[in-house]
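compute the structure for the input listed below.
(one chain, ligands or ions: 1)
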Amino acid sequence: MTNAIYTVPKPINEPVLTYASGTSERDALQTQLKKQAATVTDIPIVINGKEIRTGEKGKVTMPHNHSHVLAEYCLAGEVELKAAANAAMDARDAWSNMPWQHRAAIFLKAADLLAGPWRQTLNAATMLNQSKTAHQAEIDAACELADFLRFNVAFAQEVYQNQPISDAGMWNRMEYRPLSGFVVAVSPFNFTAIGGNLCIAPALMGNTVVWKPATSALLSNYLVYQLLQEAGLPDGVINFVPCRGSDVSKYLLSDPRMAGFHFTGSTAVFNACWKLVGENIANYENYPRLVGETGGKDFIFAHPTADVDALTTAMVRGAFEYQGQKCSAASRAYIPESLWAKVKEGVLAKTAEIKVGEVTDFSNFMGAVIDEAAFKSITGYIDYAKESKDADVLCGGYDGSKGWFVQPTIIQAHVPNFKTMVEEIFGPVLTVFVYPDADFDNAIHSCCTVSPYALTGAIFAQDRQALAYMERALSDAAGNFYINDKPTGAVVGQQPFGGGRASGTNDKAGSVLNLLRWVSPRTIKETFVPPKSVPYPYMQ
Ligand code: NAD
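Just a heads-up that it's a prediction; the model follows:
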């Protein structure tokens, strides 16, 4: 008998463990790293809880040691993708009718499993598979994913509690149905937590999902899937289908039952998907919800009153942590001429201290970039800057012989619209433009308009008037805005994440706003004593 209105546990951000020498978490992580490095995991396709293997296979390798194979996987094709869509539709009725507190309990259990016995399994996989340091893996695979699981449950309760008012003689209610169809989740390589959240958010609201993870991050993503299975996720609710991106469009996005697309990745891919949905618009049973968090060209803007030490620390951490492969990574900086000598000295000195190498060596601050395609694209930008008369490369370098290593690179651009000030590079490359102090307004204008993106941005100043002015002048330039802090490191529940313009639909992952995209509310009006004659009083 369900006769109570439940209250979910109050979510608290998962504490970040230190992994300092001598701690038990460091020992446990190192044990897992050794174990996973000595194994080649077999990754199947999973549809309706059944493991499926196809003849088309691929390999997952370590970015920092690219001849080392971590896992082998099977690629889903037309048959499997259509079967996954059918499985999601078949599971929908039972899942959406499960009392929501039971759906929620599965995800709360997953959070506790992750924070406890699964923590180092997920962290080690994220380190080896995506080349994250222990700290970067911890804040992603353990903490952010646990936060998504717990906070989303609290946000779901907030959605369900929201009810309309009722006039005399009636009772108005609102119920929050899942979308009428299945949801396609397509995730990027760079955050294990994002892969999880793209599925969890719609599933929690009663939807069933077909999940296509990035093949370059399959080991960690498959473990997330297994974690959800262990937490009790019923078969068919999330179907795990590693496949080619183009097959998602061909066989899932054009399916008339596709009701939602939850995407994180590059702007170009999201645009192509949106276009395809537009071309198919007359074929869908419902207007599909399209939620995409996409690229960024994130900035740090310094005013002449900025604190140079804080600024240069933010530049280095913001640009180079996780090799600049965060959508929020600082990739352009605006520095006033009056500060440049000190900033240049400080930022180059701090960058020179950075050690790049295998992430299993805990003294390294950076690992490798994800794969050969990324390595070629990033180094292409560096070579372009080296050859250009409009820029100087102040530090940096690369070597892809053993791992896809790119050194932290700083470019000084002499024109504000230099290619590396405008385009997303998605690697450890920071371009600096030094503006004359008297040109402050023009520099702000350029910062706001030179790039099509608007994801994250940071301003540095001691002068409060200047901060207030910059905050207002740059209001359209970023969906996540930081004052005297680096533009990365958003925490679920504290800084809901997402940007506008070419950076996405800004549906704020890790907030109630995102969950609202996965429901189709039904309003129910009940009249207690209905009228029994047609004429209104004014007619008499
Ligand atoms: P990507 O766009 O190359 O790939 C993302 C996913 O899309 C992958 O699973 C890929 O296989 C799939 N895909 C590729 N072609 C497809 C197609 N035609 N149809 C459907 N799916 C297709 O991105 P990536 O390299 O994995 O990740 C880096 C990008 O993600 C960067 O641009 C970064 O800014 C962005 N990102 C944004 C956020 C955010 O919150 N805004 C967060 C993380 C990453």
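
contact residues of the stretch 101-250 of the chain facing the ligand?
186-191, 194, 212, 214, 245-246, 248-249 (Cβ under 6 Å from any ligand atom). (Glycine included, C-beta is placed from N, CA and C.)

next: the chain.
So the chain meets the ligand at 186-191, 194, 212, 214, 245-246, 248-249, 264-266, 269, 272-273, 293-296, 327, 424, 426, 455, 497, 503-504 (Cβ under 6 Å from any ligand atom).

if you look at the residues you listed, which of them are in helices?
194, 245-246, 269, 272-273 (DSSP state H).

buried ones among those residues?
Buried members of those, counted by 16 or more other Cβ atoms under 10 Å: 194, 269, 273.

poorly predicted segments of the stretch 1-150 of the chain, please.
For the stretch 1-150 of the chain, applying pLDDT under 70 flags the ranges 1.

can you pull out the helices in it?
24-37, 78-97, 100-115, 119-130, 134-137, 145-161 (DSSP state H, counting those that start in this stretch).

most tightly surrounded among those?
Of these, the one with the most neighbours on average (mean count of other Cβ atoms under 10 Å) is helix 119-130, at a mean of 28.

could I have the ChimeraX command that selects the buried members from the residues of the stretch 101-250 of the chain next to the ligand?
Of those, the buried ones can be selected in ChimeraX as follows, counting by 16+ other Cβ under 10 Å:
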select :186,187,188,189,190,191,194,212,214,248,249
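
make CSV from the residues of the stretch 101-250 of the chain next to the ligand and add pLDDT to it.
Formatted as CSV, these follow (pLDDT from 0 to 100):
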residue, pLDDT
Val186, 98
Ser187, 98
Pro188, 98
Phe189, 98
Asn190, 98
Phe191, 98
Ile194, 98
Lys212, 98
Ala214, 98
Gly245, 96
Ser246, 96
Val248, 97
Ser249, 94
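
which one of the residues of the stretch 101-250 of the chain next to the ligand is nearest Lys350?
Nearest to Lys350 out of those is Asn190 (Cβ to Cβ; 23.4 Å).

help me confirm that that closest one comes into contact with Ser328.
No. In this structure, Asn190 is not within contact of Ser328 by Cβ atoms under 8 Å, at 10.3 Å.

before we move on, the earlier item: for the helices of the stretch 1-150 of the chain, give me TSV that also has distance to Tyr381.
TSV is the format used below for these (distance: least, Cβ to Cβ, whole Å):
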stretch	distance to Tyr381
helix 24-37	31
helix 78-97	35
helix 100-115	36
helix 119-130	21
helix 134-137	22
helix 145-161	31
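
tell me the span between the first and last residue of stretch 468-482.
Start-to-end span of stretch 468-482 (Cα to Cα, to the nearest Å) is 12 Å.

distance between it and the chain's centre?
21 Å (Cα atoms, centre = their mean, to the nearest Å).

roughly how far does the residue in the chain sticking out farthest from the centre sit from Gly169?
For the chain, the residue at maximal distance from the C-alpha centroid (Cα atoms, centre = their mean) is Gln540, at 63.3 Å. Counting by Cβ to Cβ, to the nearest Å, the separation of Gln540 from Gly169 is 21 Å.

swap in Pro428?
65 Å.

what do you get for Ala458?
Distance from Ala458 to Gly169, by Cβ to Cβ: 55 Å.
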